[in-house]
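1. okay, sequence plus prediction incoming.
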Protein chains: 2
Amino acid sequence: MNYFWDEPINPIFVLSKNKIKLIRSLELKKNRAAAGLFVAEGEKMIFDLLQSGIEISELFYTKELEKLVLNTKSSAVLELVSKEEISRISFLKTPSNIVAICKIPIAEINWNTLKNELTLVLDEIQDPGNLGTIIRLADWFGIRTIICSENSADLYNPKVIQSTMGGFARVNVHYTNLENLLDQALKLRIPIYGTFLEGENIYTAEIGESGIVIMGNEGNGISPNLASKISRKLTISSYPTDQPTSESLNVAIATAIVCAEFRRRIK
Amino acid sequence: MNYFWDEPINPIFVLSKNKIKLIRSLELKKNRAAAGLFVAEGEKMIFDLLQSGIEISELFYTKELEKLVLNTKSSAVLELVSKEEISRISFLKTPSNIVAICKIPIAEINWNTLKNELTLVLDEIQDPGNLGTIIRLADWFGIRTIICSENSADLYNPKVIQSTMGGFARVNVHYTNLENLLDQALKLRIPIYGTFLEGENIYTAEIGESGIVIMGNEGNGISPNLASKISRKLTISSYPTDQPTSESLNVAIATAIVCAEFRRRIK
């Protein structure tokens, strides 16, 4: 058993008990919302963040990364800490050498981007793993905007943040009322696509390079009030089409196949 | 607090303490291997299983499903139990009305299928969620054989079984030494594909309708000793190709995009 006061290697602790408590409290959504803060960890992740528009308020790092950190430009408060201290604030099973406290960005939806690019709209995605995977693949396919319904899984959950593999630093994620959003999109004549078990074959349907693609809830698919606003219903056929199979594809898997197809079509 | 002896609704319990203990022990791989048994749950799942070659040894169900169960043909021992009893043996947060104890199938790899169909080979997939998702999507795309390296995640883990959404009833999953497998495949001139960060663009590469597709470990990709046996290295390009992005796609996501492309090509 090690005690705080008899630890020989790191006699000086930078982190106060209150600071540790604050950071650990950011595991819960209500605390993140109240503080406007979230936690991100790991070398690659933080260097992705430093390139992004997301503001880091505090950066805790060990000696191993000191040179790298001091060479970066950031307005963050820098705190050199021990490995022992990192492990006290980390949410990872195997803590890395760097932890950042970041400000939850408050950004308006950019309607110019929505008019000219491919955008994902997520209708009540509940599983944090699915959300993280979707952000990661959106990043891969150069999708810069994801808009979630208000009750979707929370991006700023430490597990979701890590599972995006840095993707959230390049993809803007918004939470809003989707009915209002789609009404506005219809007014602006932005095409709205959605995947259904019965629709046009995605590989032969006419699709453009831009527009909104709606992906539905894990159990219930796209809500009827949103489905009615869709201009093009797409389907990913099973193979062979006449054989019994799973009832559906996982939502992140379906999202990947749809995004890959939109990108494949671009010459 | 309810006690066993003062429960008024279900005075007769069918399940002995030892039986409950045996079933719950099947959460661990060593116990499943020793007993040759695994657990599957849920109405859709069990009816998928009843259509499959997998042998159910015991079936526990509540009154709600009595008619349905008695109308099925199965050599399983049938046990009508209470909801309370189901919840004692279930591994689900929300127990269903039916739980099956099944025999782990012992099947030889069918080389005729490997010669004529598309087969997935999984090299050290570690995450049970990824394995379950891959089996589910393989089922969707009519892939009947998945071959895993011996150290891959275990299919018969209750969580993996459930996440396949019944897919494991239609997809044969084998565990074997992959080097030997690929040597044999090379002798039989079966094409061997693999995805890499640098390879031919999957959308323009020549691919056939059958062959083996290798997918690699979450962190390290395909092992070098297997990579050397691959006849065609494929890549899923990010978009736009010159922009910073996540280092890679999740392995289940990449598998889905590859399988979808093999099926899209079939006219």
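-> Sure thing, it's come through. Numbering: from 1, shown residues only, chains lettered A, B, ... in the order given.

2. three-state assignment of A:Thr119?
-> A:Thr119 falls in the strand class when you classify it by DSSP: H, G, I helix; E, B strand; the rest coil.

3. thought it was touching A:Ile214?
-> No - if you go by Cβ atoms under 8 Å, A:Thr119 and A:Ile214 don't touch, sitting 9.7 Å apart. No exception for glycine: its C-beta is placed from N, CA and C like everyone else's.

4. higher neighbour count, these two?
-> Shown here are A:Thr119 and A:Ile214; by other Cβ atoms under 10 Å in any protein chain shown, A:Thr119 has more neighbours (27 against 24).

5. partners of the more buried one in the sheet?
-> A:Ile212 (DSSP bridges).

6. so how far is chain B from it?
-> 14 Å (Cβ to the nearest Cβ, to the nearest Å).

7. please name the nearest non-neighbouring residue to the residue in the stretch 1-150 of chain A that chain B sits nearest to.
-> Using Cβ to the nearest Cβ, the closest approach of the stretch 1-150 of chain A to chain B is made by A:Gly142 at 4.3 Å. Excluding its sequence neighbours, the residue lying closest to A:Gly142 (Cβ to Cβ, 6 or more residues apart in numbering or on different chains) is B:Tyr239, at 4.3 Å.

8. who are the contact partners of the one you found?
-> The neighbourhood of B:Tyr239, defined by Cβ atoms under 8 Å, 6 or more residues apart in numbering or on different chains, consists of A:Trp140, A:Phe141, A:Gly142, A:Arg263, A:Ile266.

9. confidence score at it?
-> Looking at B:Tyr239, its pLDDT stands at 94.

10. you'd agree A:Leu113 is up against A:Thr145?
-> Slight slip there: residue A:113 is Thr, not Leu. Yes - the pair A:Thr113 / A:Thr145 is scored as a contact, 5.5 Å apart, by Cβ under 8 Å.

11. what helix or strand does A:His174 sit in?
-> A:His174 belongs to strand A:172-176 when assigned by DSSP states H and E.

12. pairing partners for that strand, with directions?
-> Using DSSP bridges, the strands paired with strand A:172-176 are strand A:145-149 (parallel).

13. show me where the stretch 101-250 of chain A has helices.
-> For the stretch 101-250 of chain A, helices defined by DSSP state H, counting those that start in this stretch occupy the ranges A:111-116, A:128-140, A:158-163, A:178-187, A:224-227.

14. using CSV, lay out these together with mean neighbour count and distance to A:Ala100.
-> Shown next, in CSV, are the helices of the stretch 101-250 of chain A (neighbours: other Cβ atoms under 10 Å in any protein chain shown; distance: least, Cβ to Cβ, whole Å):
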stretch, mean neighbour count, distance to A:Ala100
helix A:111-116, 14, 26
helix A:128-140, 26, 17
helix A:158-163, 20, 10
helix A:178-187, 16, 30
helix A:224-227, 14, 35
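
15. helix or strand: which one has A:Leu22?
-> Taking DSSP H and E as the criterion, A:Leu22 maps to helix A:17-25.

16. now do that helix: which elements does it pack against?
-> If contacts are counted by 3 or more Cβ pairs under 8 Å, 6 or more residues apart in numbering or on different chains; DSSP states H and E, helix A:17-25 sits against helix A:29-35, helix A:83-89.

17. could you chop chain A up by domain?
-> In terms of domains, chain A is parsed into A:4-103, A:111-265 (source: automatic domain parsing).

18. most tightly packed of the ones you listed?
-> Of all the domains of chain A, domain A:111-265 has the most neighbours on average by mean count of other Cβ atoms under 10 Å in any protein chain shown, namely a mean of 19.

19. next one: that domain to chain centre, how far?
-> Chain-centre distance of domain A:111-265: 13 Å, with Cα atoms, centre = their mean, to the nearest Å.

20. on that earlier part again, surely the residue of the stretch 1-150 of chain A closest to chain B is in contact with B:Gln243?
-> Yes - at 6.1 Å, A:Gly142 counts as touching B:Gln243 under the criterion of Cβ under 8 Å.

21. so what's A:Leu131 up against?
-> Contacts of A:Leu131 (Cβ under 8 Å, 6+ apart): A:Leu122, A:Ile125, A:Cys148, A:Ser152, A:Ala153, A:Leu155, A:Val160.

22. err, A:His174, not the other one
-> Shown in contact with A:His174 (Cβ under 8 Å, 6+ apart): A:Ala107, A:Ile109, A:Thr145, A:Ile146, A:Ile147, A:Cys148.

23. and it, how far is that from A:Ile106?
-> Going from A:His174 to A:Ile106 by Cβ to Cβ, to the nearest Å gives 10 Å.

24. elements contacting the longest helix seen in chain A?
-> Using DSSP state H to define each element, chain A has its longest helix at helix A:251-265. For helix A:251-265, the elements it packs on are strand A:118-122, helix A:128-140, strand A:192-201, strand A:211-215, helix B:128-140, helix B:251-265, judged by 3+ Cβ pairs under 8 Å, 6+ apart.

25. would you format the ones you listed as a markdown table with distance to A:Cys102 and mean pLDDT included?
-> Converted to a markdown table, the helices and strands packed on helix A:251-265 look like this (distance: least, Cβ to Cβ, whole Å; pLDDT from 0 to 100):
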| stretch | distance to A:Cys102 | mean pLDDT |
| --- | --- | --- |
| strand A:118-122 | 22 | 98 |
| helix A:128-140 | 15 | 96 |
| strand A:192-201 | 32 | 94 |
| strand A:211-215 | 26 | 98 |
| helix B:128-140 | 26 | 96 |
| helix B:251-265 | 26 | 97 |
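
26. still on that earlier bit, state the mean pLDDT of the helix holding A:Leu22.
-> Per-residue scores along helix A:17-25 average to 95.

27. next: stretch A:165-183.
-> Regarding stretch A:165-183, the rounded mean pLDDT is 96.

28. start and end of it, how far apart?
-> End-to-end distance for stretch A:165-183, by Cα to Cα, to the nearest Å: 33 Å.

29. same question, stretch A:68-76
-> Stretch A:68-76 end-to-end distance (Cα to Cα) = 14 Å.

30. contacts for it?
-> Contacts of stretch A:68-76 (Cβ under 8 Å, 6+ apart): A:Glu43, A:Phe47, A:Leu50, A:Glu55, A:Ile56, A:Ser57, A:Glu58, A:Leu59, A:Tyr61, A:Leu78, A:Ile98, A:Ala100.

31. in strands, which of these fall?
-> Among the contacts of stretch A:68-76, the members found in strands (DSSP state E) are A:Ile56, A:Ser57, A:Glu58, A:Leu59, A:Tyr61, A:Leu78, A:Ile98, A:Ala100.

32. now the fourth one. Nearest residue, chain neighbours left out?
-> Read it as A:Leu59. Nearest one to A:Leu59, counting by Cβ to Cβ, 6+ apart, is A:Ala76 at 4.4 Å.

33. and that neighbour, what are its phi and psi?
-> Dihedral pair for A:Ala76: phi -70, psi 150, per degrees, to the nearest 10.

34. and the pLDDT for it?
-> 94.

35. grab the nearest non-local neighbour of A:Asn130.
-> A:Ala252 (4.7 Å).

36. residues contacting the one you found?
-> For A:Ala252, the contact set (Cβ under 8 Å, 6+ apart) comprises A:Gly129, A:Asn130, A:Thr133, A:Ile134, A:Leu137, B:Thr133, B:Asn250, B:Ala252, B:Ile253.

37. follow-up on the earlier one: reformat the helices and strands packed on helix A:17-25 as a markdown table; add distance to chain B and mean pLDDT.
-> Below are these laid out as a markdown table (distance: least, Cβ to the nearest Cβ, whole Å; pLDDT from 0 to 100):
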| stretch | distance to chain B | mean pLDDT |
| --- | --- | --- |
| helix A:29-35 | 20 | 96 |
| helix A:83-89 | 21 | 95 |
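
38. can you put these in CSV and add distance to A:Ile192?
-> Putting those into CSV (distance: least, Cβ to Cβ, whole Å) gives the following:
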stretch, distance to A:Ile192
helix A:29-35, 29
helix A:83-89, 43
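
39. nearest to A:Lys17, out of these?
-> Ranking the helices and strands packed on helix A:17-25 by proximity to A:Lys17 (Cβ to Cβ) places helix A:83-89 first, at 9.7 Å.
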